[in-house]
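> Just need the structure, nothing else, for what follows:
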Amino acid sequence: MEPGEGLRVLGLDPGINITGYGVVEMRGGAVELVEGGVLRTDPKDPLELRLRTLHEALGGVLEEFRPSCVAVEALFTHYQRPRTAIVMGHARGALLLAAAQHDLAVTGYPPSRVKKAITGSGRASKEQVQGAVAAALGIEEAPKPADVSDALAVALCHCDALRREGVHGGGNA
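Okay, here's the model as predicted:
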């Protein structure tokens, strides 16, 4: 990171159909939105092709936005759906591999911690998270789809954790 530049954080909300990503930049404790979007796979493709699609698409995002680190939502699913957890684990693994190939540190956060960092409550609704993300980034509407807001919430959660550790970006670390 060059002097005067902020700390750029990429947040990820992993999914096999849609993975949300959000890039924020932290400078002196302030956080600004850089970009948000989604990576999509074709549900008709076999799993291995979908994983390759996610891996390659995230590689493109990493090349374009050059984050300093990656924050990702930890794997969470209901016990009634073990297959969902397995498929989500595959998707998360493809994303983590792309980050590792770019020599980026990855930090995972459980959904309840992300919600608590953003809204003050670990049980906040999706709408509350979306509103808090918009407010934190100074934008009028929450980014859509919700996967983008969720990814930005993960990035903001990581910024909050970094602030608590005394890291502020922009050479103030």
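
> From now on I want contacts and neighbour counts done on CA atoms only, so please keep to that.
Will do.

> buried sites along stretch 19-33?
By 16 or more other CA atoms under 10 Å, the buried positions in stretch 19-33 come out as 19-29, 31-33.

> typo on my end, it should be stretch 116-127
Neighbour-count burial for stretch 116-127 flags Ala117, Ile118, Thr119, Ala124 (criterion: 16+ other CA under 10 Å).

> Quote the end-to-end distance of that stretch.
14 Å (CA to CA, to the nearest Å).

> do stretch 18-38 as well
6 Å.

> now what about that stretch, what contacts it?
5-14, 39-41, 54, 65, 67, 136-137, 143, 147-152, 155-156, 159, 163, 168-170, 172 (CA atoms under 8 Å, 6 or more residues apart in numbering).

> Next up, the contacts around Lys116.
If you count contacts by CA under 8 Å, 6+ apart, Lys116 has them with Gly122, Arg123, Ala124.

> Go again with 7 Å.
Gly122 (CA atoms under 7 Å, 6 or more residues apart in numbering).

> Is it in a helix, a strand, or coil?
helix (DSSP: H, G, I helix; E, B strand; the rest coil).

> ok, back up a step: need the buried residues of stretch 116-127 in TSV (columns: distance to Ala94).
Shown next, in TSV, are these (distance: CA to CA, whole Å):
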residue	distance to Ala94
Ala117	26
Ile118	27
Thr119	29
Ala124	29
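
> what's Gly6 sitting at in phi/psi?
When read as degrees, to the nearest 10, the backbone of Gly6 gives phi -90, psi 180.

> Kindly give the local confidence score, pLDDT, for it.
At Gly6, the model reports a pLDDT of 89.

> And it, how close does it get to Val38?
According to CA to CA, Gly6 stands 23 Å off from Val38.

> That'll do, ta.
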